[in-house]
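Trainee: the sequence and its predicted three-dimensional model are supplied below.
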Amino acid sequence: MALSEICSLCFATSIASTTSSAEDIHCYHNLALLMISFTPNETIKHKLLTEVVFNKTIHAIESSGIAGHMSELSLRDKEFEPNIVDNLDSIKTLYGKHSRFDSHHWLFDPLIRSVETKNSVTLDEIRACLVFISAVVKRHRNYCQQLIQSSSAFYCLISSVFLISEEVFFDDGVQRLLYVILKTLLAGDGIRCQISDRVPYYDTCGDFYQRFVDQLESVSYGNKLFINYLLVFCQSKCSPLFRTKLFVDFPTAFRIIQISFEEWKALCCTPLLSII
């Protein structure tokens with residue numbers, strides 16, 4: 001199918017979204033997320049962003065499609081569920097300001113911008129970015145991981161929030177959104193990280209891990225959510241080199257974690273310790 005034909009399908013979906021099936025809308029939304037970083041045509045890119053990716057009607061329909069699973073969530077998890085439709089105008093403005101939509105990992109551009117240039121992205125903007133990432137992870141997780149090419153790159157880019165500043169990751173709204181994202185990522189096949197995996201902006205997963213643990217030692221103050229994000233790297237699904245580096249190179253971080261031998265053994269099942 002030609003690019004123009006795919007675009008026509010996406011635009012037709014946005015126009016007739018009230019009559020299109022939820023499955024069709026989800027499919028065309030996937031296509032739009034893919035095409036944004038591939039098309040050099042700025043007109044097409046703008047239409048994809050405006051009429052599909054940041055379209056309130058489409059997001060409302062997708063939200064209603066997953067509403068059924070909400071009845072199965074605990075009251076606590078329901079409270080943590082972000083409302084993307086109410087935040088979509090600020091999200092669209094945020095990405096227009098901080099992303100050129102010219103790479104496969106454009107979804108994380110505002111977070112990386114904030115890591116690279118302190119105070120360039122406000123706390124409200126970071127919250128809005130995480131609301132959008134949370135929605136994309138829930139509805140398009142496998143698709144996005146394939147687009148970025150590895151679950152380790154996807155996970156490291158999300159975890160970049162902890163590298164911004166303690167003011168950001170200690171914020172209650174940010175904590176809640178990171179909690180939702182982590183629980184979603186750990187569902188299904190979970191996360192598999194190899195120390196040599198390539199990660200945009202950070203060279204390798206091992207390089208990111210070095211910065212991540214340095215940050216935990218410096219400013220985490222034993223924050224449980226920060227620790228749980230670190231423990232994902234220590235699962236048996238991930239390279240044992242992460243655990244080795246933690247024991248050998250980061251004794252301070254190892255003391256901060258403070259978990260028992262039995263809990264270390266349980267990491268092969270889940271890294272979640274009573275979060276928040």
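Mentor: Looks like it came in fine.

Trainee: and K245, how far is that from S218?
Mentor: 17 Å (C-beta to C-beta, to the nearest Å). Where you see a C-beta, it was placed from the backbone N, CA and C, and this is true even at glycine.

Trainee: out of those two, name the residue with the larger neighbour count.
Mentor: Between K245 and S218, counted using other C-beta atoms under 10 Å, the more crowded position is K245 (19 against 11).

Trainee: how about the nearest residue to that one, chain neighbours excluded?
Mentor: In space, and not counting its chain neighbours, K245 is closest to Y209: 7.1 Å by C-beta to C-beta, 6 or more residues apart in numbering.

Trainee: that neighbour reaches T244, doesn't it?
Mentor: No - Y209 lies out of contact with T244 (C-beta atoms under 8 Å); the separation is 11.4 Å.

Trainee: what's the burial count for the residue nearest to K245?
Mentor: Count around Y209 with other C-beta under 10 Å applied: 26.

Trainee: quick one: low-confidence residue ranges for the stretch 101-250 of the chain.
Mentor: Residues of the stretch 101-250 of the chain meeting the criterion pLDDT under 70: 142-149, 188.

Trainee: OK, contacts around the residue lying closest to S196 once chain neighbours are set aside?
Mentor: Spatial nearest neighbour of S196, excluding adjacent residues (C-beta to C-beta, 6+ apart): T204 at 5.7 Å. Remark: with contacts taken as C-beta atoms under 8 Å, 6 or more residues apart in numbering, T204 is in contact with 195-198.

Trainee: before we move on, what about S37?
Mentor: So S37 contacts 101-104, 106, 147 (C-beta under 8 Å, 6+ apart).

Trainee: also V53?
Mentor: By C-beta under 8 Å, 6+ apart, the neighbours of V53 are 29, 32-33, 36.

Trainee: among those residues, which are in helices?
Mentor: 29, 32-33, 36 (DSSP state H).
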